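1. below is the structure, and that's it, no one-letter string:
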């Protein structure tokens, strides 16, 4: 009888172990880290999911409630913050309230801001660095064209501006519509001739105070820029011959400033 009882006890112990193993196996089959064979069969029998809508960049948009991979780069709107929600016109209007220095700082914040704020700058004003500076005006123009490629209105200021600087401006911004060289004493006929060849779309040019600009430079300029609408030659070394060239080459001219041109006769 005692042997029978011990055998019965051992059988009950074995049944308990079996029940525990079944419980562990059953729990593992429902663990979220693995999928059981039954779940695989159910997944194969399930209908195919509907195609997801494509996002703005052509990539499929994740369904509602889907998990996002933490290692994946955020979308452009998230990279640029609230600016990513604004269109080009709104950004251009916003940029009008910021100084150039502020726009430069903002464009350095991240690549998204640089990509979005760069095209918003349409007008730029630069002066030559002081003598002994590490960078030249030509280098500043080259760097500015990389960060602000959409500039169409450029102003170069100061008596230190040279013909070489004007040539660098033409290389950096070949699509200029308006250019101001007012009070740039170092600009001569060579720069005017180059502008005519490099900036055929030029509509407005201010050469006030460019005393070395004469008839030859004006003739070369207007011959290559027939769409000029505003031209300032105040205090330039021009005569009636320059006026004849302007009148015949620029039929769209609306504004002409000859202030201080003492060699112009009645």
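-> In hand now; what should we look at? What you are looking at is a predicted structure, and each value in this text was computed from that prediction instead of being measured.
2. excluding chain neighbours, what is closest to residue 216?
-> In space, residue 216 comes closest to residue 189 once its chain neighbours are excluded; the distance is 5.0 Å by CB to CB, 6 or more residues apart in numbering. Where you see a C-beta, it was placed from the backbone N, CA and C, and this is true even at glycine.
3. what is the neighbour count of that neighbour?
-> Applying other CB atoms under 10 Å, we find 20 residues neighbouring residue 189.
4. who are the contact partners of it?
-> With contact set as CB atoms under 8 Å, 6 or more residues apart in numbering, residue 189 has these partners: 212-214, 216-217, 220.
5. repeat for residue 263
-> For residue 263, the contacting residues are 237-240, by CB under 8 Å, 6+ apart.
6. cool, residue 132 as well?
-> Contact criterion CB under 8 Å, 6+ apart gives no residues in contact with residue 132.
7. next one: phi and psi at it?
-> Residue 132 has phi and psi values of phi 90, psi 0 when expressed as degrees, to the nearest 10.
8. cool, and residue 214?
-> The phi and psi values for residue 214, taken as degrees, to the nearest 10, are phi -120, psi -170.
9. now do the contacts for it.
-> 189, 236-238, 242.
10. will you turn the contacts of residue 189 into JSON lines that also has pLDDT and distance to residue 146?
-> Shown next, in JSON lines, are the contacts of residue 189 (pLDDT from 0 to 100; distance: CB to CB, whole Å):
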{"residue": "212", "pLDDT": "95", "distance to residue 146": "31"}
{"residue": "213", "pLDDT": "96", "distance to residue 146": "30"}
{"residue": "214", "pLDDT": "96", "distance to residue 146": "35"}
{"residue": "216", "pLDDT": "96", "distance to residue 146": "34"}
{"residue": "217", "pLDDT": "96", "distance to residue 146": "30"}
{"residue": "220", "pLDDT": "95", "distance to residue 146": "30"}
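11. could you dump those into JSON lines with secondary structure added?
-> JSON lines is the format used below for those (DSSP: H, G, I helix; E, B strand; the rest coil):
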{"residue": "212", "secondary structure": "strand"}
{"residue": "213", "secondary structure": "coil"}
{"residue": "214", "secondary structure": "strand"}
{"residue": "216", "secondary structure": "helix"}
{"residue": "217", "secondary structure": "helix"}
{"residue": "220", "secondary structure": "helix"}
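12. mark which of those residues are buried, thanks.
-> Buried subset of those (neighbour count, 16 or more other CB atoms under 10 Å): 212-214, 216-217, 220.
13. what is the nearest of these to residue 100?
-> Each of these was checked against residue 100 using CB to CB; the closest is residue 213, at 27.8 Å.
14. so how many other residues sit close to the nearest residue to that closest one once chain neighbours are set aside?
-> Counting by CB to CB, 6+ apart, residue 213 lies nearest to residue 236, which is 4.4 Å off, once chain neighbours are set aside. Neighbouring residues of residue 236 were enumerated by other CB under 10 Å; the total is 26.
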